[in-house]
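Enquirer: Following is a predicted model, sequence given first.
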Number of protein chains: 6
Amino acid sequence: MVDRDTDERAKTRADRLARFQPASGMVTPRFSGLASFMRLPVLDPAEAADQVEIGLIGIPFDGATTGRPGARLGPRAVREASTGTRALNHATGVAPYALAPCADLGDVPVNPVDAAETARRIEAFYRPLAEAGIVPLTVGGDHFITYPVLRALSAARPVGLIHIDAHSDTDDAQYGGSRLTHGTPFRRAVEAGVLDPRRCIQIGLRGSMDAADERDWALAQGMRILAMEEVCARGLPEVAAEARAVVGEGPTYLSFDIDALDPAFAPGTGTPEIGGFTTREALHLLRALRGLDLVGADVVEVAPSLDPAGITALAGAGIAFEILCLLAERVAARV
Amino acid sequence: MVDRDTDERAKTRADRLARFQPASGMVTPRFSGLASFMRLPVLDPAEAADQVEIGLIGIPFDGATTGRPGARLGPRAVREASTGTRALNHATGVAPYALAPCADLGDVPVNPVDAAETARRIEAFYRPLAEAGIVPLTVGGDHFITYPVLRALSAARPVGLIHIDAHSDTDDAQYGGSRLTHGTPFRRAVEAGVLDPRRCIQIGLRGSMDAADERDWALAQGMRILAMEEVCARGLPEVAAEARAVVGEGPTYLSFDIDALDPAFAPGTGTPEIGGFTTREALHLLRALRGLDLVGADVVEVAPSLDPAGITALAGAGIAFEILCLLAERVAARV
Amino acid sequence: MVDRDTDERAKTRADRLARFQPASGMVTPRFSGLASFMRLPVLDPAEAADQVEIGLIGIPFDGATTGRPGARLGPRAVREASTGTRALNHATGVAPYALAPCADLGDVPVNPVDAAETARRIEAFYRPLAEAGIVPLTVGGDHFITYPVLRALSAARPVGLIHIDAHSDTDDAQYGGSRLTHGTPFRRAVEAGVLDPRRCIQIGLRGSMDAADERDWALAQGMRILAMEEVCARGLPEVAAEARAVVGEGPTYLSFDIDALDPAFAPGTGTPEIGGFTTREALHLLRALRGLDLVGADVVEVAPSLDPAGITALAGAGIAFEILCLLAERVAARV
Amino acid sequence: MVDRDTDERAKTRADRLARFQPASGMVTPRFSGLASFMRLPVLDPAEAADQVEIGLIGIPFDGATTGRPGARLGPRAVREASTGTRALNHATGVAPYALAPCADLGDVPVNPVDAAETARRIEAFYRPLAEAGIVPLTVGGDHFITYPVLRALSAARPVGLIHIDAHSDTDDAQYGGSRLTHGTPFRRAVEAGVLDPRRCIQIGLRGSMDAADERDWALAQGMRILAMEEVCARGLPEVAAEARAVVGEGPTYLSFDIDALDPAFAPGTGTPEIGGFTTREALHLLRALRGLDLVGADVVEVAPSLDPAGITALAGAGIAFEILCLLAERVAARV
Amino acid sequence: MVDRDTDERAKTRADRLARFQPASGMVTPRFSGLASFMRLPVLDPAEAADQVEIGLIGIPFDGATTGRPGARLGPRAVREASTGTRALNHATGVAPYALAPCADLGDVPVNPVDAAETARRIEAFYRPLAEAGIVPLTVGGDHFITYPVLRALSAARPVGLIHIDAHSDTDDAQYGGSRLTHGTPFRRAVEAGVLDPRRCIQIGLRGSMDAADERDWALAQGMRILAMEEVCARGLPEVAAEARAVVGEGPTYLSFDIDALDPAFAPGTGTPEIGGFTTREALHLLRALRGLDLVGADVVEVAPSLDPAGITALAGAGIAFEILCLLAERVAARV
Amino acid sequence: MVDRDTDERAKTRADRLARFQPASGMVTPRFSGLASFMRLPVLDPAEAADQVEIGLIGIPFDGATTGRPGARLGPRAVREASTGTRALNHATGVAPYALAPCADLGDVPVNPVDAAETARRIEAFYRPLAEAGIVPLTVGGDHFITYPVLRALSAARPVGLIHIDAHSDTDDAQYGGSRLTHGTPFRRAVEAGVLDPRRCIQIGLRGSMDAADERDWALAQGMRILAMEEVCARGLPEVAAEARAVVGEGPTYLSFDIDALDPAFAPGTGTPEIGGFTTREALHLLRALRGLDLVGADVVEVAPSLDPAGITALAGAGIAFEILCLLAERVAARV
């Protein structure tokens, strides 16, 4: 009985895998057609349950940005750049679309002038996906959006976090009391009980700080911080090992702020900091995270108006593809 | 009986009109969602018959370009820019989506390295649409693509042409014999019998010529040329009147090469020529063409890589919207 | 007594005029030094009373933007571009700094993630200036900022408005209820009683609309709308005459949205519309407004990230200089 | 005897005309090959005598610039853009290379850090050309370079001047005594006796001035100034007529500062001023100058680093081609 | 006798070396003069035999590009950027122009709309140069051009290949049968017998693949692939050693696709892939190839329209200079 | 007495430290307000004595540039970018504004067309600051400006130099005798006796040279050169150790040419050279210089017009902040 069920499911799953394939660049040019994430089919999120296992979603919101804005235009730019990715990961050999049915689920209907309302809409958009077991890969938008996404994903239990970024984003409030900004999501998430701070690690922090408060608070909660200096001193293999040790085998969210990359690699972001990661390092770091129990991930803060050569969106798309490979392996392992 | 049929049809048509509405910027931000033409629904061309009456189509091909390339990236850039257009034409009061069901039919599957093969694919894509009575509004791509589109649309009879451009595009051959370039489509179309040269008018030609041959040939066929100097001397109302007189009441195609605009308004094109139209003039000229029997139209030669401020794609989208209003009025008048 | 007072005041005023002169480009290069508006001295607004009669102020806020953001970076970019303006208006012969003491009063301390709070801060910043009789020339920021500025300036009585723009900005609400956006300031201002709609004129509206509602509402209030088509048909002298007739001799505010200009002249703005004004037309129109009782003015929606050649900020600075000449003449006439 | 000489000369001239033809875009693509002016042959200036009658020359010097620099890169950028011009003027029917043998004579060997030395080098470069009767068409470089060119061309007698520009460039000195800047060439030229001020006209001045001094000086010398306001009020035909009246039938130099164009048409220049000419107006104005006794001409102040879309170099090339047609007609008329 | 011949030849060679020197930046500015490769003299290829030993050649063709086009504009942009290179290699001490007479031989006369015809023209252009013993250093153009170049150079015997690239370019066909694209040159070259696959090594491959076919085919032929992961793991010295081992002492061609570099270093290319080489690594790798029997080399896929800061052309020029040093040493060693 | 004096001074110093704090980004957005260096208070240099201990100064001069110009616009662009730096160095924990009162002292009043006169003005500007013990951190401008700064700072005794650059800048003369260019400052400074060549080290030289002369001269004076190849071979810790050894404990100047960075990290500079430092390496190198007796420093050659993404100014600001931390530690250690 069980066997037959499994067979049935496998059969259906094979059908779905066949259906949710990206358009091949050997058949039609990569620059042709509407730009969906990875040239994948587009699916109404209301129809995603029982169809796909990974959903690529845009959140075009930057109304919580305190620096240069523009990340609201990130999802479209990353979609466009992502049409250059292909089906087979050269480095790892992973073929994500052979492992998991994936689709572009469109954008969350944000309100660009209201962060609190947008947070509610994001949570409402993600909650049914989470309940259907669909793993979301989100493209922002500013980093604020991670907070409501975490609220939706962690309804059952707090999750761990691998957070790759130039900034800690654990401020309390700015401008005399604003608590919903792109500098505060992880503080809010810990306060809301959706992140387990002892299973959180922040990698790549650097630059300068207004004050030590945000760092001190994070450390006091038990979060692990690997500033860029420590990353350089210890090397990526050790960094990855420590990240794995911090999050362990529990459910974990992966958040990649594009400003983790050096401005040479990602100029198109609102708050760039010199001295960052190369894309090669970022890819190596991500590849060292295979096998974790990832429940979702995001790539945020791509601001195309500040990106005249388009390399930031390109990096965002490449990072997203690498993360998608991680997610697909994880999803396939669960089947 | 006839009355009832009409009622039925009207009822169905109202349903279809309700279905094929663009997403409103009052409900979701214009920068959100995948970028389809005008934020319209996307429809498989195979399902377009009996559904829509106007199809917006991209042809991402620039393999016939003899100058700076890049128009293959035009459809996506115009789609993106077109999401800023709204439902109601401020100047004319036309509400195109209330007049005709419209959809984005995607891109023709071109072969970027083979113009002849691509011409065949274009013709094959458009012919069933033409047979279904769907009026195509095409975004190129280089100007070569107009030739196969005309072949598909004019199977039954040659059509007239209003051709707004800096160049005549009636060369015979280049580089020792290449006859399928973006400098030759209208010569090929006349030779193929799909254009009636006596019902053709070219407006805005200017700059310099390699030789007088292309102009002399066009005039010898009976085509009317209103060079920019004549346009300036006579004024737009007279120009429009002459265009109307040349094409008369017969079926007419409208082709707008974005390089008709001055480089200040459309820098992003492969062969810009100073001294061109402003967008305001272009809009006035198009509005003066209301009521013609337009069987199709295109906007070509938008090359986004040469357009750092994005104003060329913006102009292309605005011109396309204005043309769409003309087409919608025409379609509605036929009902 | 009165005479002596007048003498004293004139003497003091001459001193102040001598003090508040811009740095000359014949002595130090225009690209040198910190970029203040027009290379004018910078003054703490708390010290402006009894010192200057015109205050140039930046409001770096774009948190009410519903399209592409970036106008928060406008004040700095316009300051930079304004260092190219000189002391003597070539066309009108007006030498504004000889007519009125002017200073750069810095930026309003906005909260980038809270429009309502920012509105309160703007109003609080402008109210004492208004009470001190200082005429403000503001550089935005998005168009929302005009609403709180009007609240501060019109405490005593509603004012008239000359509004040059591609859009009416008289929407009621967006996204299911947001009433404080850059699409709503003039509706809010009329509702608040700080604008007299019968003394309001909007010039240059064009493009497309989501619906006719915003226009119908404006007309119903008694506002005059001169859409771009009507502007073209009637010519600038008539347009200016009508504007003068609408606002009459009462106190009047002048608001210039940079998207009134065509995208060729002002690509760097969030919601560009093709078919707009040239800068030459804009200057002619402004020069035809000499002698009105202007109580303040603004130039808004310059978004530098979208302005690769910097011509939008340049246009904003040139428009601001031309308006400054109007204000200086008016201020001098009151002395 | 005379007849036979004439025949001989004509025969030789025909040979030279055949030799100095630009490469055709019908044979090799316009983007191919090293970029010489107009795709013309390159000739060592020492060999130009008895070979060519018009010499196109670059002066890559901007060391006299007081605003934003970069015009030193103008000659290469205009050469590149000029490869898009063809052999036959669409508007006037002039075929310049059929009228006069033309070549690219390369660049003057400037010293980028020494204006006085560069002036000597320029004069030394042009004097033998002038003595050989070769008419120079120069591409700058900043406007300072016109002064030494005039010194070389006017050794025998002062010449007249048609000067199209946003600025008068008749300052006396800047920064406490610097007299060789791009703001002073015409004052220096009048002082040196190489310009006849009563045969000088300046067209298109606008914007703002540090002081009225430069204008007053020019007027006092008898120079005619048609500021942009007067140009607009009177219209281009009258402007051209007045220019012709001012310079009369005597030898005349034509100097076109690219900032005469509006920044929308020519953003890439160091001192842009809004409210300028369109390229269409500039072309019309130039075409109205046919038949004058032009002894040389220049196009200056193209600064490619400030020209992200390349339209300023394009405008410079198009203006240069139009001027070349004027020069070729003049040269041919002399034969 | 032999000795005297050698002396004679040396004497002649010294003359030629003296003649073919680049213009020095200590005498004339590097931004002055027409932009030839490295500021070298320009020579008609028909006159190159017995004059120069290394020829720098442009092939402005991108008609085989399947991604973003624009490499047809590469030769001019690399020429422009190359004028910044000087005579003496800082790192290796090589002074190439003292070792071998070099000249810019101009561009191959391509047909931009016909890849097969262009291939014939390229082969015809290179064959006499090869027969004259002139070593070509080519700047593309898309990577397709390497195939006809190899056909010309390898008429006598197949050559080895060091191929530095992000992509294998060993596809069979695209779009239902197109076999002449920039994704296929090395497969075509092996099939044509002009490459010896066992003496071929590809370095730096990365990103994603449509399918494993192209890699599997290459490996099956005996080609060695060092993907970027392997490069990083083993280090550049080992990589260079392996490259030397694979090609051995036989005649070898060096092909450098600019997309081997990371997009941060070379954004201006049609198919960028994140995670690539730095320019420092590329230079180190090339310097480790001294002494090989190089018969020709190319740098391809520089697309200037996608390169707003010009660093891709700069990298292309720097790479070309480094390769030129390799070629000059080789040529000198043969004398 | 001494104690009390010290107390008094400490008290005063605390007051001054409190006064000279940058505006916090937690209170007002970083993009708001006029852009001063690091958002610090602006102070008239005539009032700087007894107020501040470190002065940030702009020198907007590029009139000695022999390549692409534009560094005159560097100070404003670096000011703008520097508003993103915060108060606390993430890596070193240094809080510079808690250690030393710092202010923006504005720009030196340069003469853009006269290098010799500008040198006099620079020296006159810096000498009183030096006499008042104020440590200057200068932002250029081209590298020529370092020579007059050194003349002012080294009046009492020659200083040592840590010079991080792609070029040696020790040429003798160019263009037949020009000795004041941005290629000569260190030769002039040694000749003038203000640099002690045996205490000078140049780090990061690379690319190509016109001739070995400049290097040979520098070595002959006893200067130490660590070319990029040697830097890579030995590693940054050894490089820093050697720099420390060369300059020893004596007074030392630190000069950072932004072209030391690779063009990927700093495209916006006049003479870029591939194969340069990453910003991460530059920061590591600077941090290894803590404790030296730095008497002043500069960051030069940022040319914003060549920097479309603004990352060069960003790098310049980040480097300047890191150097400021070094200077502040040094100043505090002296108290």
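Expert: Cool, the structure landed.

Enquirer: Specify the local secondary structure of A:E322.
Expert: Secondary structure, DSSP: H, G, I helix; E, B strand; the rest coil: A:E322 is helix.

Enquirer: For it, which non-adjacent residue is closest in space?
Expert: Excluding the flanking residues, the one nearest A:E322 by C-beta to C-beta, 6 or more residues apart in numbering or on different chains is A:L286, at 4.8 Å. In short, each C-beta sits where N, CA and C put it, glycine included.

Enquirer: need the contact list for the one you found.
Expert: A:I319, A:E322, A:I323, A:L326 (C-beta atoms under 8 Å, 6 or more residues apart in numbering or on different chains).

Enquirer: Go through those and say which is closest to chain D.
Expert: Closest approach to chain D among the contacts of A:L286 (C-beta to the nearest C-beta): A:I319, at 27.7 Å.

Enquirer: what's the helix or strand for the residue nearest to A:E322?
Expert: Here A:L286 sits within helix A:279-287, counting by DSSP states H and E.

Enquirer: downstream neighbour of that helix in the secondary structure list?
Expert: Once helix A:279-287 ends, the next helix or strand along the chain (criterion: DSSP H and E) is strand A:294-300.

Enquirer: follow-up on the earlier one: distance of the residue nearest to A:E322 relative to A:L324?
Expert: Distance, A:L286 to A:L324, by C-beta to C-beta, to the nearest Å: 10 Å.

Enquirer: And the helices in chain A?
Expert: Remark: helices assigned in chain A by DSSP state H are A:2-19, A:74-82, A:96-99, A:115-131, A:146-153, A:185-191, A:213-221, A:228-234, A:236-247, A:279-287, A:311-334.

Enquirer: Would you convert those helices into CSV that also reports mean pLDDT?
Expert: Formatted as CSV, the helices of chain A follow (pLDDT from 0 to 100):
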stretch, mean pLDDT
helix A:2-19, 74
helix A:74-82, 98
helix A:96-99, 98
helix A:115-131, 98
helix A:146-153, 98
helix A:185-191, 98
helix A:213-221, 94
helix A:228-234, 97
helix A:236-247, 98
helix A:279-287, 98
helix A:311-334, 97
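
Enquirer: Switch those over to TSV; also include distance to E:G55.
Expert: Shown next, in TSV, are these (distance: least, C-beta to C-beta, whole Å):
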stretch	distance to E:G55
helix A:2-19	53
helix A:74-82	38
helix A:96-99	47
helix A:115-131	61
helix A:146-153	57
helix A:185-191	59
helix A:213-221	60
helix A:228-234	45
helix A:236-247	45
helix A:279-287	36
helix A:311-334	34
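
Enquirer: Dump the helix holding A:L286 to PDB, keeping only the CA atoms.
Expert: Extracted in PDB, the C-alpha atoms of helix A:279-287 (Å, rounded to 0.1, in the frame of the first residue of the first chain):
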ATOM      1  CA  THR A 279      31.200  36.300  -6.100                       C
ATOM      2  CA  ARG A 280      33.600  33.400  -6.200                       C
ATOM      3  CA  GLU A 281      33.800  33.400  -2.400                       C
ATOM      4  CA  ALA A 282      30.100  33.700  -2.100                       C
ATOM      5  CA  LEU A 283      29.600  30.700  -4.400                       C
ATOM      6  CA  HIS A 284      32.100  28.600  -2.500                       C
ATOM      7  CA  LEU A 285      30.500  29.500   0.800                       C
ATOM      8  CA  LEU A 286      27.100  28.600  -0.400                       C
ATOM      9  CA  ARG A 287      28.300  25.300  -1.900                       C
END
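
Enquirer: That helix: which residues count as buried?
Expert: A:T279, A:R280, A:E281, A:A282, A:L283, A:H284, A:L285, A:L286, A:R287 (16 or more other C-beta atoms under 10 Å in any protein chain shown).

Enquirer: For the first one, which residues are in contact?
Expert: Going back to what we said before, that points to A:T279. Neighbour list for A:T279: A:L261, A:F265, A:A315, A:G318, A:I319, E:D262, E:P263, E:A264, E:I274, E:G275 [criterion: C-beta under 8 Å, 6+ apart].

Enquirer: Relative to B:E242, which of those is nearest.
Expert: For the contacts of A:T279, the residue nearest B:E242 by C-beta to C-beta is E:P263; the value is 50.8 Å.

Enquirer: Thought A:E273 was touching A:A266, still the case?
Expert: No: when contacts are counted by C-beta atoms under 8 Å, A:A266 is not listed as touching A:E273 (10.4 Å).

Enquirer: Quick check: residues of the stretch 151-300 of chain A near chain C?
Expert: A:Q174, A:Y175, A:G176, A:S178, A:L180, A:T181 (C-beta under 8 Å from any C-beta of the partner chain).

Enquirer: And for the fifth one, the neighbour number?
Expert: This points to A:L180. Using other C-beta atoms under 10 Å in any protein chain shown, A:L180 has 22 other residues around it.

Enquirer: Check the second one too.
Expert: Neighbouring residues of A:Y175 were enumerated by other C-beta under 10 Å; the total is 21.

Enquirer: Once you drop chain neighbours, what's closest to it?
Expert: C:N111 is the one closest to A:Y175 (C-beta to C-beta, 6+ apart), at 4.3 Å.

Enquirer: returning to that earlier point: just put the contacts of A:T279 in TSV and tack on distance to chain B and neighbour count.
Expert: TSV is the format used below for the contacts of A:T279 (distance: C-beta to the nearest C-beta, whole Å; neighbours: other C-beta atoms under 10 Å in any protein chain shown):
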residue	distance to chain B	neighbour count
A:L261	23	30
A:F265	21	28
A:A315	19	33
A:G318	19	28
A:I319	20	26
E:D262	20	29
E:P263	15	28
E:A264	19	32
E:I274	19	27
E:G275	23	26
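
Enquirer: Now stretch A:174-190: buried residues?
Expert: A:174-175, A:178-190.

Enquirer: ok, longest strand in chain A?
Expert: strand A:195-203 (DSSP state E).

Enquirer: gap between that strand and the chain center?
Expert: 15 Å (C-alpha atoms, centre = their mean, to the nearest Å).
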